[in-house]
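Colleague: sequence? don't have it. structure:
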């Protein structure tokens, strides 16, 4: 029911997903009247009487709308009826409800939002956190690195992906006291074999593909995400306008079309839709609110792949192996003071 377009887009995407994944099943959660026209042998409707609006405060979503489609969907994961939940709705509400119903894994204080950004190597860089935690301790950044490593490995990346710490320079002496301390923890984790720590990276390294994973706090990560989406949209839109400008540019575009088409495909942020809420006792994925059919279908596919590849078990295993370094006391001190931020 969520997102900018609601069932008009999400139902069409669900049908596309089911057609391309013959072993998958979907539970469609929402107002029965809005879902009544959808029929598929591998899909069923789970009714909910309320909807969390995109502008609902977290308190309203969490405390007042107790039969919202978002809450009922996450309850399906909690109760074992579904392997993962996907929503295009209110990010802050989704994080708050998921954390309330599913709880965090042992050893993890704060869940983080992780997604992929395209890079020059033809692949994608996984970045976290993207808005769930505006203020983070060094221990939280270490936890994000552990969870991000499990995510990349589970979704077909290297078993020991490289981890970069986002900073204003590569040198270990640069950055805030929190970043310097996080660097010390990450280096210790690397020396212990818990992580494959690359070192400090800068903002442009996200798009160079310098490291498989880039770790940062949610404020910085969300700004980087929105800025990258804006630049990508500007470039793709500019290319499309040039194609239409005059006969010469149309002919030039025709000659260069294969290269330009490949470039636009790589920069299409829809292809990277589906951010994982890591650190919970269940799989929850956040679709972009403005997602169209293709983007929401890909978010469903990402959640399906995560469930099929046992992402939750992999995260638990990584946390267990990193337990001596995760700073349990520091994590216990800080976590519940910060409410999830809307991304």
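Modeller: Good, I have the coordinates. This one's a predicted model, so the numbers in the text were calculated from it and none came from an experiment.

Colleague: lowest-pLDDT helix or strand in this structure?
Modeller: helix 328-334 (a mean of 40; mean pLDDT, DSSP states H and E).

Colleague: show me where this protein has strands.
Modeller: Taking DSSP state E, the strands of the chain run over residues 26-30, 43-47, 84-87, 112-118, 124-128, 162-166, 196-201, 213-215, 275-278, 283-286.

Colleague: the longest one vs strand 124-128, what angle?
Modeller: What that stands for is strand 112-118. 160 degrees (axes from the mean of the first three to the mean of the last three CA atoms, to 10 degrees).

Colleague: partners of strand 112-118 in the sheet?
Modeller: Using DSSP bridges, strand 112-118 pairs in its sheet with strand 124-128 (antiparallel), strand 275-278 (antiparallel).

Colleague: roughly how far apart are residue 312 and residue 114?
Modeller: Distance of residue 312 to residue 114, given as CB to CB, to the nearest Å: 14 Å. Where you see a C-beta, it was placed from the backbone N, CA and C, and this is true even at glycine.

Colleague: before we move on, what about residue 204?
Modeller: Residue 204 sits 20 Å away from residue 114, taking CB to CB as the criterion.

Colleague: neighbour count: these two, which is higher?
Modeller: More neighbours surround residue 114 than the other of residue 204 and residue 114, with 26 against 9 (other CB atoms under 10 Å).

Colleague: if I pick that one, what's in contact with it?
Modeller: With CB atoms under 8 Å, 6 or more residues apart in numbering as the criterion, the residues that contact residue 114 are 126-130, 144, 147-148, 151, 275-276, 278.

Colleague: out of the residues you listed, who's nearest residue 52?
Modeller: Of all the contacts of residue 114, residue 275 has the smallest distance to residue 52: 17.3 Å, by CB to CB.

Colleague: about what we covered before: got a markdown table for the strands paired with strand 112-118, with mean neighbour count too?
Modeller: Listed next are those as a markdown table, based on neighbours: other CB atoms under 10 Å:
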| stretch | mean neighbour count |
| --- | --- |
| strand 124-128 | 26 |
| strand 275-278 | 28 |
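
Colleague: what's the closest of the strands of the chain to residue 140?
Modeller: When those are compared (using CB to CB), the closest one is strand 112-118, at 8.0 Å.

Colleague: sketch out the low-pLDDT regions of the stretch 1-150 of the chain for me.
Modeller: The model of the stretch 1-150 of the chain has no residue with pLDDT under 70.

Colleague: give me the most central residue, this protein.
Modeller: Nearest to the geometric centre of the chain sits residue 275, at 1.6 Å (CA atoms, centre = their mean).
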